[in-house]
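[1] mind folding the following:
(2 chains)
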Amino acid sequence: DAGVIQSPRHEVTEMGQEVTLRCKPISGHNSLFWYRQTMMRGLELLIYFNNNVPIDDSGMPEDRFSAKMPNASFSTLKIQPSEPRDSAVYFCASSLLRTENEQFFGPGTRLTVL
Amino acid sequence: QKEVEQDPGPLSVPEGAIVSLNCTYSNSAFQYFMWYRQYSRKGPELLMYTYSSGNKEDGRFTAQVDKSSKYISLFIRDSQPSDSATYLCAMSGGSNYQLIWGAGTKLIIKP
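    Next up is the predicted model:
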């Protein structure tokens, strides 16, 4: 069982550049979550997909952030343009629809924006 | 005031000690209570899951929920250095996907 796969694991970029984070959920899971974790704010839910459809994007900080899920096995989170305050660890998690409290997290992408 | 309060620690105890980790919350609508463990530079992993009040035991771990006091606890018996991690509490009400997270308590077990 591969678990949730995220890429890249680390990303260093300069302010103003576009950043794309990728996620492959666990096969058979139909709920997908993108989180951001910082020391100051802890874990924050950015967006929630159910069966590939965005259900709740109220946590997306601003229009610079966008997320897509074109199929059940792939999702992206894009930041354009990136800013230093976007530096954080971004996690993707997936779950079964009937047990969404039981979320399985990927290893995260550590993003540094200079 | 945050919906979920959790002392960030660090909490440092000797190997073999009983560890008590706690969270308090303010929303009486919470019904599902979870403990996640996060090792350094890893994603959180679900450790314990409890619905409503009561205790749940799994090996060396016991989760306790007291809804009347709005207080949840995680006890670790016979603590091991491998238990050193950050422990996050999380809870939810009717909309199960929306977990409300504590800040996490960093636990250090000294050999």
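
[2] would you state the strands of chain B in chain order?
    B:4-5, B:11-14, B:19-25, B:32-38, B:45-51, B:54-58, B:61-66, B:71-76, B:85-92, B:100-101, B:105-110 (DSSP state E).

[3] show the average pLDDT along the fifth one.
    Within the predicted structure, the mean pLDDT of strand B:45-51 is 93.

[4] check the second one too.
    pLDDT averaged over strand B:11-14 equals 97, rounded to a whole number.

[5] got the buried residues for it?
    By neighbour count on 16 or more other C-beta atoms under 10 Å in any protein chain shown, the buried set for strand B:11-14 is residue B:13. All C-beta spots, glycine's among them, are computed from the backbone N, C-alpha and C.

[6] does anything pack onto it? Which helices or strands?
    strand B:19-25, strand B:105-110 (3 or more C-beta pairs under 8 Å, 6 or more residues apart in numbering or on different chains; DSSP states H and E).

[7] give the partner strands of the longest one in its sheet and their orientations.
    Right, strand B:19-25. Strand B:19-25 has these partner strands in its sheet, going by DSSP bridges: strand B:4-5 (antiparallel), strand B:71-76 (antiparallel).

[8] between those, which one is nearest to residue B:33?
    strand B:71-76 (5.1 Å; C-beta to C-beta).

[9] can you give me the angle the closest one makes with strand B:61-66?
    170 degrees (axes from the mean of the first three to the mean of the last three C-alpha atoms, to 10 degrees).

[10] between strand B:54-58 and strand B:71-76, find me the angle.
    Using the same axes, to 10 degrees: strand B:71-76 against strand B:54-58 is 20 degrees.

[11] look at residue A:71 and report its pLDDT.
    95.

[12] no wait, residue B:20
    For residue B:20, the predicted pLDDT is 97.

[13] who's it bridged to?
    Beta-bridge pairing of residue B:20 under DSSP bridges involves residue B:75.

[14] pick out the residue of chain A closest to chain B.
    residue A:105 (3.2 Å; C-beta to the nearest C-beta).

[15] contacting residues around that residue?
    Shown in contact with residue A:105 (C-beta atoms under 8 Å, 6 or more residues apart in numbering or on different chains): A:4, A:35, A:91-93, B:43-45.

[16] send over stretch B:26-40 as PDB, restricted to the C-alpha atoms.
    What follows is stretch B:26-40 as a C-alpha-only set of coordinates in PDB (Å, rounded to 0.1, in the frame of the first residue of the first chain):
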ATOM      1  CA  SER B  26     -15.400  25.100  23.600                       C
ATOM      2  CA  ASN B  27     -17.800  23.800  21.000                       C
ATOM      3  CA  SER B  28     -20.300  21.400  22.600                       C
ATOM      4  CA  ALA B  29     -21.300  20.200  19.100                       C
ATOM      5  CA  PHE B  30     -18.100  18.200  18.700                       C
ATOM      6  CA  GLN B  31     -18.800  14.500  18.700                       C
ATOM      7  CA  TYR B  32     -15.700  12.900  17.100                       C
ATOM      8  CA  PHE B  33     -12.400  13.200  18.800                       C
ATOM      9  CA  MET B  34      -9.100  12.100  17.300                       C
ATOM     10  CA  TRP B  35      -5.400  12.000  18.200                       C
ATOM     11  CA  TYR B  36      -2.800  12.200  15.500                       C
ATOM     12  CA  ARG B  37       0.900  11.600  15.900                       C
ATOM     13  CA  GLN B  38       3.400  13.500  13.800                       C
ATOM     14  CA  TYR B  39       7.000  12.600  13.700                       C
ATOM     15  CA  SER B  40       9.500  15.300  12.700                       C
END
